[in-house]
Structures are given as C-alpha cells and as structure tokens.
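**Student:** quick one: sequence plus predicted model below, questions after.
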Amino acid sequence: MRTQTVEADVVVVGGGLAGVSAAVAAARLGRQVVLVNNRPVLGGNSSSEVRVWVCGATAHGNQRWARETGIVGEMYVENQYRNPEGNPVYWDDVVLDTVRREENLRLFLNTDVREVVATGPDDARRIESVTGWTMGSEILTTFTAPVFLDCTGDGLVGHLAGARYRLGKESQAEFGEEWAPPEPVREFLGSTLLFYTKDLGHPVKYVAPETAIDITTTPIPMNRVIRSGDSGAHYWWIEWGGELDIVDDNERIRDELRGVILGIWDHIKNSGRFDAENLTLEWIGNVPGKREYRRFVGDYTLHQGDVVGQTSFPDGVAFGGWSIDLHPAQGMYAEGAGAVQRFSDGVFEIPYRSLYSVNVENMLFAGRDVSATHIAFGAARVMATCGAMGQAAGTAAALCVTHGTTPRGVYTDHLDELRQTLLRWDAPAVGIANADPHDLARSARVTASSTTTRLAAPAADGSDGDPYDFDVVDLDVDLGIVLPVDPRLDTVELLVSARRDTTLGVEVWSTGKPQNVVPAHLEAKTDVAVAAGDERWVTAHVPFAPDAPQNAVVVLRANPDVAVRTTRPLPPGVLTLTHRVDNDDQNVQISSDELLVQWPTKPLRGRSVVFRAGPDTRALAPERATSGFHRNHGGPNLWASSPMVPGREEWLRLDWDSPVTGREVRVVFDDDLDVELNTLHHHRTPDEIMPTLVKDYRVEVLPEGTGAWVTVADETDNRWRLRVHPLPDGVGPLRAARLVVGSTNGAAQARVVALRVQE
C-alpha cells in the first residue's frame, strides 16, 4: 500500500457547496488549503450524481433581494451564463472550475476519510490528522493542519474526533420551540433519489423490473401529485428513511427509493392515465441525497425562535431565508402533504458560534451539520445557505491560522475582523456595515456624475425606454409598491383609470426589520378621489419620515372599479407585491399566517406599478457605495446614476484631503439579488447576464503631484459582481480614484453597490 502525508494550513473534508465555499474562502485569504471529497465530482447533493437543485434564501422567489452573494453567488451567476438550460453535468464544471482556479488549494477527489486522530480530554479535544483512502489510485493519505473543517454533511470527521452532536428531534421544552414534539424523538428528514425522463419522439415501451414497487398498493397515488412531464427535483418528495438510521440504513433506504421510482415510472408509462407514450427513463440517481443526520453542538444552537423572530446576532456571519421545511418521518408513504413550510418575514441570521465545535478546539463545520435544532435546521439545511455558512467558516479558519488561535479565539478576539473580511469579499451576510479600518474609501468624499433622485416608474425624465411596456392591472386584490424612504416620503402619484366615480385607499406601511419587505406597521393612510374615465394621474398624500433610511410599502387597497398601469423594468430599490397567497407546489402545505406568504412578489415580479414618489430621495446617493451592507437593508445600499444616454459616461469618484497609499480597488456591481438563479432553473429567468450589471468600465486613479488620471483597469463585457483590481507598483500616493462606467448589460442606470480602496 502506498502512503503519503500532506501538510496544509486548513483541511476541509467534504466537497459539497459548504466545503467548496469554505476551501475557496480560506485559499483566497492566502492559506494553503486541502479539500478532500469522497466522490468523483464536487457539489454534493447538487452534483450530477444526485441532481438536487441548489436552493437558498430566495426560497424559490418567496424572499426578496435574498439571493446569496460571495462564492455561492459567483457560481450561481456563472451557471446562469454557461448553463441556461440547467444541465447538471455543466454545473459540475462550474463548481470544479471555482476550485481549480485557486492556486492555494489542492483537491483530492475519490478520497474517503475514515480515520481521525484526535487527542485531549472529552471537553477539549484536538484533531491532529485525518486519513483517507483514494480508491482508483490505491493510496492512503494522512492530512495534517492546525485547523480542520467538517463539511461532510453526516458529520463523520467530528464524530470520529469525539465532537458532541445531536440526532433527531428535540423536545418543545429544551429550546422553547412550539413546533417541536412534546418529547424528543429519534426521527429525521429522509433521503431522496431522483430520476430524469426524455421524449424520444416515438413510442417507447417500459417493462418494469422485479425490483419495482407497485405504488398502487401505497398511499403515494392518493397523496402526491404525479405528472408525466415532471422529472428531476420536481420529485423531491420521493423521500424515505426518517424512521430509520439515515447512515446505518443507507443501503436499505437507497433500494426502497429506487424501487419506488421504478414503480412510479411503471405507473406513468403503463397505467393509461398519462400522456407518456414517447417518454423513456433517461437516468436514475444511485446516491441517496441525504437531508439530515448529525448536527454538531456549537457554542450556540440556532433554534426556531431565531428563525421566526429573525434574531440579530452580534456574530452574524451568514443568512438563510428558506422556510422551516418539515417533512413527515414516513416520507413518501405519509398520508398528508410531503412537507409543511412556515416562513419568516425576511431572511434570518446564522451566528458564527453555530459553526465551530463546543468541545473540539480546532474544528469548524458548515452545512448540514450546523449547530441547530431539528426545527431550525429545517430552514438552514438548503445548499446555498450551506455555502454561505461554508464561506464564513473558511474565512474564520484562515483567521485562526493568521492569528495562531482557535475558532473560539476568533469569536472572542477577532470577531470584527471576521465580519469585515466577509464584507470585503462580498460574502452572503446581512446587516454588516462597512467599518473596515483598511478601506480608504470610508475617509473619502464621494461624488458622482449624476444620481437617480426621483423614484418613479417609468423614469422621471422618460429616458428608460420608449414605447413603454405598459399593462393594465385591475385592482381586484391589494397591491404594494416597495420604496426606499430617505429622508421622507410625502406623496405618491399613480396612473389610474376608473369604471365609475370612486375612492382609492392608499396606505404607507413600514416593514419592521431592515431586511424585510412586508407591510408590518401602518404609518399613514388616505383616500384619494378617482373620477370615472380613462387613465389619469392622482396624488396620494401619505407623509412618512422615519428616523433612519428604511423600506416602506405603499399599499393600494383593492377596488374592483379601479385599474392601475404596470411597466418594466423595475426602478432600483423598488418591488411590487400582491396580496394573495401563492403556492406553486401542490405537494407542499404552506402556512398562510406569515406576511411574506400573504404578500408575494412572484405574480408581478419584474414589473412596477406606474408611479411617481415625492420628494427627491437620497436612497441612491453616491455615498451609499461606501456604507457597506452590500444588499437591500433599510434601502438598496447602492449608487444609481441618472438614466444613461449614448456617448455619455457616468462616474463615481473618491477624493481624499491628504494623499493615501492603496493596494487594490474593489468594486461590487448590482446583479439584481431579487432574481432567483436556481441551478436547474426552477423559475427560469431569460437573462444569461444580469442586465443590472455594469458591462464596460474603467478604474482610474489620480496620483499625488500630477493632474493626469492613470487607468489601472479597463474592462469590457463584464458579467461578474465582484471585481478586484490591484494597483500597479510605482503608482504612488493617491489624491483621488474613480470608476467610469461606459455601459451596462441592459439597465438604464449605472449601479454600483460598493467602491473600496484597500490600503
């Protein structure tokens, strides 16, 4: 047997999106990283071996401005460009390329870690090494490092190291969780296999094998929606094993799931109830996609109250937005719905203390083994959220090495540095303002060539397209216009028509938490007289002057005699809500008690009610690009120019009173975080490149003692959100820097989320 030892700064075990994000994050911070995966492809449950679509905080479009940024966001946007048809094989290479391009990262595929050396007492264990066998190469490798990350999903490394963990469901009393069972139960979310079909254009027969299970003898046909045109993750509900041991009984679970798939296909092909004559079974998964097993105990355990109440943590480092998604332990054989979902009213935070072990001093973790109760885990377990945790944990691991400390030491001594580092890398975090002492932009005067100062749709000067894409929408339900308010809102003008003389109720609601986009608290209301006749402008006086910038929802109350106009595209910082419950998966029971569910955006996503708001706003001012946040949080937190015109460039500029010495310029562009980019395109968006992204731009600096701008970057055909441009040697101290925008990928305005100059 061949053996080898590999030394690194950070060892990450597990090549799902949590492990990939962790490894890439640590490598980008200059650490020597090893990523070990026991499968031939990366991506975990999202890989072509399993083919689960990557879901996250957008929750299939239910949450607003919630798509993940950072490393997961990069892969989302790249997949949208490379893979508009949602081919899971192409997605494999998006993930692989993300890893391969990092020069500080060594990848070991097909390497199954099965031995862990850990020392110390039970309350202070320390991992010394992990050892894995690479099948095809017949080599045994021992990996050593000061810091290890368990991103295995099942938590095998931590288990072998003696880390504390939880299995199954906690009792209601332990964490005060209303939705937990009265007593603890060793039940899990089950595993799933998926299948793909293909239309061959001619009749294809199907003879069921002996292992097929006759589903007509089960509750499946009565309790699940089966359609011949569906395949892949539409059949997420083919789930089983929740009453067994997900790991011990993995092979039994796999066999049962495969038998049911064959039985479902026999039912579709041969029952005579489906239009499936030309369909063939193209692919069946053989690796069960696991949802739940070990959940490690960290210094903090995320629980139901944190998700529903959207707890704001001082150590928040990632976020989620998926519903608390609870499945029956009987899985596909359950009599009721395949899932019961309850949403928070906006994204919820995940604290750093839930990402490191309470008793293994040098182990972090991310993904399905997060420190959370079964209930909270139901919302945190989806893959893009796991990737968000991974980037946070990998960043913390790099800081452990930098400072020669433990994960807990990062929390006690370097928490601000962790959070500011995540913000600098545009990681998926919420509520972190820019307080980076090394960002020179914070001390600069910020100016711009122009700014959008009037919130209106279409644009106030009529320059965002002609003729306009107008639709007439009857007010058969309440509508909501989401607007940023800074410093105040006085009036909203609306283009309406009426069948008879009537009045229109208009209200302004605040949203509660800064990341929320729901009508939570009534702030002002009025009734507007609308005379019978064709379209005309009416004005609603609805004064609202909050103490700090925030989102507001202007609610137009239903009136069957009134119609409004809608148009596209949406102005920056604006969304449209409709007051009706929306559920596009009949296998799911969604709680309709939450405001998020009662006010969906999906029916009018991408369209705005035609309106004009007054007075002028500062919500899109130049200084918003240096404030931090990087996403909608009490407003859009970006600079938007006035509508661009051919031949005129727009610019965003930083000026310093005294010369500064910079190392690099970082730019974050707007890639419309309200658009869901599910990897397999559950909700398809037609744009391969986000129209809101800046397309052509230059970065220029003004050195001390010279009146000439020096170009340090000149980019065309940009399709990325985060761009990092090193400043060349010899450029000297700077008096100014600017970003010059020549064009966008389709948006009317130049939009910049962040402009930073790192010293």
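**Tutor:** The structure has been received and is ready for your questions.
**Student:** CA only for contacts and neighbour counts going forward, please
**Tutor:** OK.
**Student:** can you tell me the closest non-neighbouring residue to residue 580?
**Tutor:** residue 598 (5.4 Å; C-alpha to C-alpha, 6 or more residues apart in numbering).
**Student:** does the one you found touch residue 583 like I think?
**Tutor:** No: counting by C-alpha atoms under 8 Å, residue 598 stays clear of residue 583, with 10.5 Å between them.
**Student:** comparing the two, which residue is more hemmed in?
**Tutor:** Counted by other C-alpha atoms under 10 Å, residue 598 and residue 583 do not tie: residue 598 has more neighbours, with 17 against 14.
**Student:** what's the separation between the more buried one and residue 675?
**Tutor:** To residue 675, residue 598 is 19 Å away according to C-alpha to C-alpha, to the nearest Å.
**Student:** picking that back up, what residues are up against the residue nearest to residue 580?
**Tutor:** Residue 598 sits next to 579, 580, 581, 582, 592 when contact means C-alpha atoms under 8 Å, 6 or more residues apart in numbering.
**Student:** rerun at 7 Å
**Tutor:** Contacts for residue 598 (C-alpha atoms under 7 Å, 6 or more residues apart in numbering) come out as 579, 580, 581, 592.
**Student:** same deal with residue 426?
**Tutor:** Listed by C-alpha under 7 Å, 6+ apart, the contact partners of residue 426 are 69, 70.
**Student:** how much space is there between the residue nearest to residue 580 and residue 516?
**Tutor:** 14 Å.
**Student:** output the below-cut-off pLDDT ranges for the protein.
**Tutor:** Under the criterion pLDDT under 70, the flagged ranges of the chain are 459-468.
**Student:** let me see the domain layout of it.
**Tutor:** Using automatic domain parsing, the domain ranges for the chain come out as 2-167+350-424, 191-284, 440-452+620-758, 456-614.
**Student:** distance to residue 430 for the ones you listed - can I get that in a markdown table?
**Tutor:** Rendered in a markdown table, the data for the domains of the chain read as follows (distance: least, C-alpha to C-alpha, whole Å):
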| stretch | distance to residue 430 |
| --- | --- |
| domain 2-167+350-424 | 9 |
| domain 191-284 | 29 |
| domain 440-452+620-758 | 7 |
| domain 456-614 | 8 |
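**Student:** quick one: closest of those to residue 298.
**Tutor:** domain 2-167+350-424 (4.6 Å; C-alpha to C-alpha).
**Student:** and that closest one, how far apart are its ends?
**Tutor:** The stretch domain 2-167+350-424 measures 43 Å between its terminal residues, going by C-alpha to C-alpha.
**Student:** what ranges does the stretch 451-600 of the chain have for its strands?
**Tutor:** Along the stretch 451-600 of the chain, counting by DSSP state E, counting those that start in this stretch, strands occupy 456-457, 471-474, 479-485, 489-498, 502-510, 521-530, 533-544, 550-556, 562-567, 575-578, 588-590.
**Student:** for residue 113, which of those strands is the nearest?
**Tutor:** Closest to residue 113 of the strands of the stretch 451-600 of the chain, according to C-alpha to C-alpha: strand 588-590, at 36.9 Å.
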